[in-house]
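A.B. asks: Generate coordinates for the sequence data below:
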Amino acid sequence: MTLRQNEKHARPFPNARQIRRACNKELYRTQKRLNIWVPPEQMSKAEQYYFQKVLANLPWIAENESNRKKLADWWAEHVAPHIAELWGVEPSKLERSFRDAFGG
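C.D. replies: I've put the predicted structure just below:
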């Protein structure tokens with residue numbers, strides 16, 4: 001039985017704590033770039049939503065971890081509309097701020 005080269009050297013998935021911290025940092029940086037104040041309960045709801053979306057799509061995200069543009073496009077499509085509604089900002093402005101903060 002042989003393993004494919006990319007499976008043999010693949011990095012393991014990050015654990016839940018690492019994912020949660022990354023989601024927290026990315027949303028914090030996005031909020032700072034928006035230059036708005038987000039109440040703590042709204043921020044925690046956004047973090048929880050983002051965290052759940054990442055866990056649901058973890059294999060795809062891990063596969064594309066080095067392609068920030070693709071990850072930012074995924075975020076804009078799957079996460080941004082809900083968070084924009086939650087925070088009361090325009091989705092396009094939120095997406096632009098996330099891309100500036102995330103690097104995609």
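A.B. asks: What is the neighbour count of residue 56?
C.D. replies: For residue 56, the count of nearby residues is 11 (other CB atoms under 10 Å). (Each C-beta comes from the backbone N, C-alpha and C, glycine too.)
A.B. asks: now do the one 10 residues further on
C.D. replies: Residue 66 sits with 7 neighbouring residues when counted by other CB under 10 Å.
A.B. asks: Just the pLDDT for it.
C.D. replies: We have a pLDDT of 91 for residue 66.
A.B. asks: Name the SS class of it, please.
C.D. replies: coil (DSSP: H, G, I helix; E, B strand; the rest coil).
A.B. asks: Now it: phi and psi?
C.D. replies: Backbone torsions of residue 66, given as degrees, to the nearest 10, read phi -90, psi 0.
A.B. asks: swap in residue 67?
C.D. replies: Residue torsions, per degrees, to the nearest 10, at residue 67 are phi -110, psi 90.
A.B. asks: tell me which strands and helices the lengthiest helix in the chain is in contact with?
C.D. replies: Longest helix in the chain, counting residues (DSSP state H): helix 16-34. Applying 3 or more CB pairs under 8 Å, 6 or more residues apart in numbering; DSSP states H and E, one finds that helix 16-34 makes contact with helix 40-56, helix 80-87, helix 91-102.
A.B. asks: can you state the direction angle for that helix and helix 91-102?
C.D. replies: Angle of helix 16-34 versus helix 91-102, following axes from the mean of the first three to the mean of the last three CA atoms, to 10 degrees, is 120 degrees.
A.B. asks: so helix 16-34 versus helix 40-56, what angle?
C.D. replies: Angle, helix 16-34 to helix 40-56, by the same axes, to 10 degrees: 130 degrees.
A.B. asks: so how far is residue 61 from the closest residue in space to residue 101 that isn't next to it in sequence?
C.D. replies: Distance criterion CB to CB, 6 or more residues apart in numbering; nearest residue to residue 101, sequence neighbours excluded, is residue 29 at 3.6 Å. Separation of residue 29 from residue 61 (CB to CB, to the nearest Å): 18 Å.
A.B. asks: Sweet, I'm off.
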